[in-house]
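Student: here is a sequence with its predicted model. Questions after.
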2 protein chains.
Amino acid sequence: MNMTPLSQDFVLHFGEMGSRWGINRTVGQIYALLYVSERPLNADEIADALQFSRSNVSMGLKELESWRLTKLQHLPNDRREYFTAPEDIWAIFRTLADERRKREIDPTLSMLRDAILRGATNPEDKYAQKRMKEMHDLIEMVTLWFNEVHRLEPDTLKQLMKMGSKVTKLLEMKDKLKIVSGK
Amino acid sequence: MNMTPLSQDFVLHFGEMGSRWGINRTVGQIYALLYVSERPLNADEIADALQFSRSNVSMGLKELESWRLTKLQHLPNDRREYFTAPEDIWAIFRTLADERRKREIDPTLSMLRDAILRGATNPEDKYAQKRMKEMHDLIEMVTLWFNEVHRLEPDTLKQLMKMGSKVTKLLEMKDKLKIVSGK
DNA sequence: CTATAATTTCAGTAATTACTGAAAATTCAG
DNA sequence: CTGAATTTTCAGTAATTACTGAAATTATAG
């Protein structure tokens, strides 16, 4: 299978970007290929299109699976496995955010919590704990909030976004309303 | 200089986490050390505390500088350079988000925009462009919105967060108010 | 300026991570 | 079951990235 120049460019860009995150080039490219491909692809087709060894593709698909970024299906009269990227881009975003939270944020929060609760006698440790608390609170705040937003439907979100910085205004408004209704 | 076990653990954790992001272990550890240290440290102290070569520390500091995550200062009667992590955790978060946007999001958006505007004749490319458009719009949406939130003061943000999922309710409320005021 | 302290650069090497091909394991049609 | 098709594993190797020590550069006190 030969990719069109358009897909080619997309795939290569994703490969490069992938390596800036923890994800390696191969995995990035496989994902990109699946993402822009309308029909499901099997491992051989992927290996062929990207010029990777079959085993490399197998490993890459495993990795993507662990990120829950692929869907597996079978075609009639063909026992090979076919892969696609999930359709709904918003769902993909959620999945990715979820997975990163699990792997990166949660362990850090737990480490910070533990560290903060340890007995600290010397001033260095006291200061370190203060800093860790600040970090912990920020991460927790952003995460909690993100979780909320996460659940919103794309339409609601678009609406929210359009409001942009007016969200502050809205907050003020809310406070005033409270006063009125509390009268 | 010897770190306390508390700082030790924090620094090591950050080293590991760093390597999950694009940032390498050394850089992660140096940052963590600066973050929990009350007084500024010079490169030799860092090298000593983390057991890295002096030149490795020099490179690590350069990298951190490029992320705008360190502050440089001089102490009286000492010509060595001393480093700290900025105080305000919220500011740190902003800086980091900004820098990541510049390095990772912006190039991707621009690639996507270009790709979408290319002439596509065959159905594969049509489909690929549709998918790229979806991705582009999602990223743009999240980024724009993030930029807005970004500007808010921590207090406002905390308030917003406390509201949690009620933000949807608030949106509905806003619509009703519009109707009222438009009467 | 000069001498020395401090920092950076960089070529060489170490460590890590990615990738391959061959072999093993699994799956499933007949 | 059997055997061919398919997928996975994994030891070896390639490629990449990280790190060091020595040398070069830069900065500054005197």
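Tutor: Structure's in. What do you need? If you're wondering where the values come from, they're calculated on a predicted model, not measured in any experiment.

Student: my read: residue A:15 touches residue A:32, true?
Tutor: Yes. Using Cβ atoms under 8 Å, residue A:15 is in contact with residue A:32, at 7.2 Å. C-beta coordinates here come from the backbone N, C-alpha and C atoms, glycine included.

Student: with neighbour numbers in mind, choose between these two.
Tutor: residue A:32 (26 against 21; other Cβ atoms under 10 Å in any protein chain shown).

Student: doesn't that one fall inside a strand?
Tutor: No. Counting by DSSP: H, G, I helix; E, B strand; the rest coil, residue A:32 is not found in a strand; it is helix.

Student: how about it, nearest residue that isn't a chain neighbour?
Tutor: Excluding the flanking residues, the one nearest residue A:32 by Cβ to Cβ, 6 or more residues apart in numbering or on different chains is residue A:14, at 3.5 Å.

Student: got a list of what the one you found touches?
Tutor: By Cβ atoms under 8 Å, 6 or more residues apart in numbering or on different chains, the contact list for residue A:14 reads A:28-29, A:31-32.

Student: list just the nearest of those residues to DNA strand C.
Tutor: Using Cβ to the nearest atom of the strand, residue A:29 comes nearest to DNA strand C of those, at 8.4 Å.

Student: near DNA strand C, which residues of chain A?
Tutor: A:19, A:24-26, A:51-56, A:59-60, A:79 (Cβ under 7 Å from any atom of the strand).

Student: by neighbours, which of those residues wins?
Tutor: Highest neighbour count within those: residue A:60, with 25 neighbours (other Cβ under 10 Å).

Student: the lengthiest helix in chain A near chain B anywhere?
Tutor: Taking DSSP state H as the criterion, chain A has its longest helix at helix A:123-151. Yes. Counting by Cβ under 8 Å from any Cβ of the partner chain, contacts between helix A:123-151 and chain B involve A:123-125, A:127-129, A:131-132, A:134-135, A:138, A:141-142, A:144-145, A:148-149, A:151.

Student: just the buried members of the residues you listed?
Tutor: Neighbour counting by 16 or more other Cβ atoms under 10 Å in any protein chain shown classes A:124-125, A:127-129, A:131-132, A:134-135, A:138, A:141-142, A:145, A:148-149 among the residues of helix A:123-151 next to chain B as buried.

Student: so who does residue A:120 touch?
Tutor: Here residue A:120 is in contact with A:126, A:128-129, B:6 (Cβ under 8 Å, 6+ apart).

Student: so what does it have for phi and psi?
Tutor: Residue A:120 has phi and psi values of phi -120, psi 120 when expressed as degrees, to the nearest 10.

Student: what's the closest of the residues of chain A next to DNA strand C to residue B:89?
Tutor: Residue B:89 lies nearest to residue A:19 out of the residues of chain A next to DNA strand C, by Cβ to Cβ, at 28.7 Å.

Student: so that closest one is in which element?
Tutor: helix A:5-20 (DSSP states H and E).

Student: how about residue A:83?
Tutor: Using DSSP H and E, the element containing residue A:83 is strand A:81-84.

Student: for DNA strand D, tell me whether that strand is touching it.
Tutor: Yes. Applying Cβ under 7 Å from any atom of the strand, one finds strand A:81-84 touching DNA strand D at residue A:81.

Student: for that strand, buried residues please.
Tutor: A:82-84.

Student: what residues does the residue nearest in space to the middle of chain A make contact with?
Tutor: When Cα atoms, centre = their mean is applied to chain A, the residue found nearest the centroid is residue A:96 (2.4 Å). By Cβ under 8 Å, 6+ apart, the contact set of residue A:96 is A:67, A:69.

Student: pLDDT on stretch A:98-106, on average?
Tutor: Stretch A:98-106 comes out with an average pLDDT of 94.
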